[in-house]
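Engineer: here is my input; please provide its structure:
(chains A and B)
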There are 2 protein chains.
Amino acid sequence: MRASLLGFCLSVLITGAASAQSDPLPAWNDGAAKKAILELVKTTTDKASPNFVPPGERFATFDEDGTTWVEHPMYTEVVFSLDRVVALAPMHPEWKDQAPFKAVLEGDKAAMAKISKDELMKIIAVTHTGVTDEEFDKITKDWIAKARDHRWKRPYTELAYQPMLEVMQYLRANGFRTYIVTGGTQPFVRAFAQQAYGIPPEQIIGTAVKTRFDTTRTGNAIMLDPKLLLNNNYAGKAEDISLFLGRRPTIAFGNTEGDKQMLEYTTGGRGARLGLLVLHDDDKREYAYGPAQGLPETKVGAFTQALYDDAKKNGWPVISMKNDWNRVFAWDEK
Amino acid sequence: MRASLLGFCLSVLITGAASAQSDPLPAWNDGAAKKAILELVKTTTDKASPNFVPPGERFATFDEDGTTWVEHPMYTEVVFSLDRVVALAPMHPEWKDQAPFKAVLEGDKAAMAKISKDELMKIIAVTHTGVTDEEFDKITKDWIAKARDHRWKRPYTELAYQPMLEVMQYLRANGFRTYIVTGGTQPFVRAFAQQAYGIPPEQIIGTAVKTRFDTTRTGNAIMLDPKLLLNNNYAGKAEDISLFLGRRPTIAFGNTEGDKQMLEYTTGGRGARLGLLVLHDDDKREYAYGPAQGLPETKVGAFTQALYDDAKKNGWPVISMKNDWNRVFAWDEK
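Structural biologist: Sure thing, here's the model as predicted:
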């Protein structure tokens, strides 16, 4: 008994030692992006390095849509909002004659394709407010547990990119705290980020509405109001990182123009810093889109040629999904 | 050599074991407040308890002024602001004829006592904005290293209450994350909270101004602008805790009407929760003030009779500095 326990312990130790030497990023092919990540972690965690960053000061920020999970052909939160319009319709009989709700309720794809940005904001406002933060959390958790994407028929949380999950784990194992910094709303992403990425609610920075402490409810509550407090896109990402962290990240990942300022802010700091951009160029395993390199333009993921040029100029590695990732999803065949 | 090393290790182990059994809150006298804190920690960290809270979900929030350090007769940040008016005066020759700056520059105490709340806001705006967050951090660090309080002639960071430092350490040792939730400004408190309380910048929630990502500066920067983004007082404390943490704290400490909503929000949640209020009733070792129990009224620390009644009604222990604390400061004689 004791001998077998000892044997077990030894095998655990040996396995542990072996895995410590093995590749921490197995879904990544060797290339400039992988090399840059490994080198950044090495130089910032080595006490003898001039770039050493104390553990409490190691922060990594990730855009979500298109960076840590699929955003094409429609942001997951937009799908949620449209489903929620349908769910709320019985309480809003007037919607059946009102744009943009009419199009959504009738499932009129041609009319839905014409929904303007302002109309979309109207949809997001009515579907994300008028409830408490705790109620909205439950609404989102219920939805994400049941909803399936149209292509793979899987829960959206399974559309997280395996290489990015590996990077998050690798960074956390090296004393980094991982944050999502998303243009999506903070209460939405908070509801599933622990499950999808192992990232807790307090490490989600997102677009946020004003709230109101309501003491008339049993046990009191935080009401979500339809007024914008933080627009966590473009410069807002840098500003909100300062608001939440009080300092620049060491490493940041994005995929669009809306992430550019986060990468500029990150790499504008002293010492070793790294910004990286995901390029969607894999139409077989995922999608290929964005003006950079002549890929088709879409409503999501504006990886413009200007951003591509910025990446070159600033030394931000561009992650080619096609070439840099040997696996896109955890459930992909290798 | 080896024997002495072994002896050293043994003595460390023995000392460690002894201190694990000793009182984690030695500056606290036995009483309702100390008992409530110990019981809250016991019931939320015991896996067999129905009130068990997983480690990642244990949050403790502390008001700062009057709760974790001295606020009388003037908030430290107001002292900083007045000093900064003097420092900035050469760049603002017009101030010598302008209220409220004239009174400050002339050190006219009678006129300064009459400075209105709006005028104070004006002073805070000009002394806290127009610089980057990194510049403001340095300005505050430089000031706090040199400034001394008028009564004890000590750095303000030494005016932290020893019993509250013990509570913070005790909570952290039990898997809680400790946050400052202050009406003071976030960039100000961030500059010294690590040194004063062992609390890092990302765990400071405070009053915040709007910022602007400025790419024209070398390496870019976050500019502090003179527009209010978060007023972290009263209901704002509950709302901002939701914004930063996405959930209710398990335990919260305050000392005024401005902390009431934070305590309501904390204790409004399910499971075991605790709110506590510090009462300044020790005119020998610190100060005695606030309308509760007939103490003199002041500009700081409005511990009203209504708040006192609320505490009774809600079961929030009131911490009497005089009776509950056998030591106020780390440097106090016992």
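
Engineer: spatially nearest residue to the closest residue to chain B within the stretch 51-200 of chain A (excluding sequence neighbours)?
Structural biologist: Closest contact between the stretch 51-200 of chain A and chain B, by Cβ to the nearest Cβ, is at residue A:190 (4.8 Å). C-beta: built from backbone N, CA, C; applies to glycine. Leaving aside its chain neighbours, residue A:190 sits nearest to residue A:201 (4.2 Å; criterion: Cβ to Cβ, 6 or more residues apart in numbering or on different chains).

Engineer: residues touching that neighbour, list them.
Structural biologist: Neighbour list for residue A:201: A:190, A:193-194, B:245-247 [criterion: Cβ atoms under 8 Å, 6 or more residues apart in numbering or on different chains].

Engineer: any idea how far residue A:65 is from residue A:262?
Structural biologist: 13 Å (Cβ to Cβ, to the nearest Å).

Engineer: what's near enough to touch residue A:228?
Structural biologist: A:207-210.

Engineer: which strand residues bridge it?
Structural biologist: residue A:209 (DSSP bridges).

Engineer: which pLDDT value goes with it?
Structural biologist: Listed pLDDT for residue A:228 reads 96.

Engineer: and the gap between it and chain B?
Structural biologist: Counting by Cβ to the nearest Cβ, to the nearest Å, the gap from residue A:228 to chain B is 12 Å.

Engineer: hmm, back to that, restricted to strands, list the contacts of residue A:201.
Structural biologist: With strands defined by DSSP state E, no entry of these lies inside them.

Engineer: buried subset of those residues?
Structural biologist: Among the contacts of residue A:201, those classed as buried by 16 or more other Cβ atoms under 10 Å in any protein chain shown are A:190, A:193, B:245-247.

Engineer: ok so, going back, of the contacts of residue A:228 - the most surrounded one?
Structural biologist: residue A:207 (23 neighbours; other Cβ atoms under 10 Å in any protein chain shown).

Engineer: pLDDT wise, what is that one at?
Structural biologist: In this model, residue A:207 carries a pLDDT of 98.

Engineer: you'd agree it is up against residue A:237?
Structural biologist: No. Between residue A:207 and residue A:237 there is no contact under Cβ atoms under 8 Å: 10.1 Å.

Engineer: number of nearby residues for the nearest residue to residue A:266 once chain neighbours are set aside?
Structural biologist: Nearest non-adjacent residue to residue A:266, counting by Cβ to Cβ, 6+ apart: residue A:252, 4.0 Å away. Residue A:252 is flanked by 30 other residues according to other Cβ under 10 Å.

Engineer: if I look at residue A:252, how far off is residue A:83?
Structural biologist: 31 Å.

Engineer: close to chain B: what parts of chain A are there?
Structural biologist: A:56, A:133, A:186-187, A:190, A:200-202, A:204, A:208, A:210-213, A:215, A:219-222, A:229, A:235, A:238-239, A:242-247, A:261, A:264-265, A:268-270 (Cβ under 8 Å from any Cβ of the partner chain).

Engineer: give the residues shared as contacts by residue A:207 and residue A:237.
Structural biologist: With Cβ under 8 Å, 6+ apart, residue A:207 and residue A:237 have common neighbours residue A:183.

Engineer: nearest residue to the most centrally placed residue in chain A other than its sequence neighbours?
Structural biologist: Of all residues in chain A, the one closest to the mean position by Cα atoms, centre = their mean is residue A:64, 1.5 Å from it. The shortest distance from residue A:64 to any non-neighbouring residue, by Cβ to Cβ, 6+ apart, is to residue A:182 (4.1 Å).

Engineer: so who does the one you found touch?
Structural biologist: A:63-65, A:189, A:204-207, A:232.

Engineer: narrow these to those in helices?
Structural biologist: residue A:189 (DSSP state H).

Engineer: in strands only, show me the contacts of residue A:182.
Structural biologist: Counting by DSSP E, the contacts of residue A:182 contribute A:204-207 to strands.

Engineer: from these, pick the one nearest chain B.
Structural biologist: residue A:204 (7.0 Å).

Engineer: quick one: the closest one and residue A:186 touch, right?
Structural biologist: Yes. Using Cβ under 8 Å, residue A:204 is in contact with residue A:186, at 5.6 Å.

Engineer: so what sits against both of those two?
Structural biologist: Going by Cβ under 8 Å, 6+ apart, residues that sit against residue A:204 and also against residue A:186 are residue B:246.

Engineer: which residues of the stretch 151-300 of chain A fall in strands?
Structural biologist: A:177-185, A:204-214, A:221-230, A:251-254, A:274-279 (DSSP state E, counting those that start in this stretch).

Engineer: and these, which is most packed in?
Structural biologist: Among the strands of the stretch 151-300 of chain A, strand A:251-254 has the highest mean neighbour count (mean count of other Cβ atoms under 10 Å in any protein chain shown), at a mean of 28.

Engineer: list the contacts of that one.
Structural biologist: Contacts for strand A:251-254 (Cβ under 8 Å, 6+ apart): A:37, A:40, A:60-63, A:67-68, A:164, A:167, A:171, A:176, A:181, A:259-260, A:262-263, A:265-267, A:273-278.

Engineer: repeat that with 6 Å
Structural biologist: Under the contact criterion Cβ atoms under 6 Å, 6 or more residues apart in numbering or on different chains, strand A:251-254 has outside partners A:40, A:60-63, A:67, A:262-263, A:266, A:274-277.

Engineer: partner strands of that strand and their direction?
Structural biologist: Partners of strand A:251-254 in its sheet, by DSSP bridges: strand A:59-62 (parallel), strand A:274-279 (parallel).

Engineer: what mean pLDDT does that strand get?
Structural biologist: Mean predicted lDDT for strand A:251-254 stands at 98.

Engineer: please apply the same query to stretch A:133-146.
Structural biologist: In the prediction, stretch A:133-146 has an average pLDDT of 98.

Engineer: flag every buried residue along that stretch.
Structural biologist: A:133-137, A:139-140, A:143-144.

Engineer: out of those residues, who's nearest residue A:98?
Structural biologist: residue A:139 (22.3 Å; Cβ to Cβ).

Engineer: excluding its backbone neighbours, what's nearest that closest one?
Structural biologist: residue A:131 is the one closest to residue A:139 (Cβ to Cβ, 6+ apart), at 7.0 Å.

Engineer: quick check: that neighbour vs residue B:277, distance?
Structural biologist: For residue A:131 relative to residue B:277 (Cβ to Cβ), the value is 31 Å.

Engineer: swap in residue A:85?
Structural biologist: In terms of Cβ to Cβ, residue A:85 sits 45 Å off from residue B:277.

Engineer: and the residue nearest to residue A:243 when sequence neighbours are not counted, what does it touch?
Structural biologist: The shortest distance from residue A:243 to any non-neighbouring residue, by Cβ to Cβ, 6+ apart, is to residue B:208 (6.2 Å). Counting by Cβ under 6 Å, 6+ apart, residue B:208 touches B:186, B:229-230.
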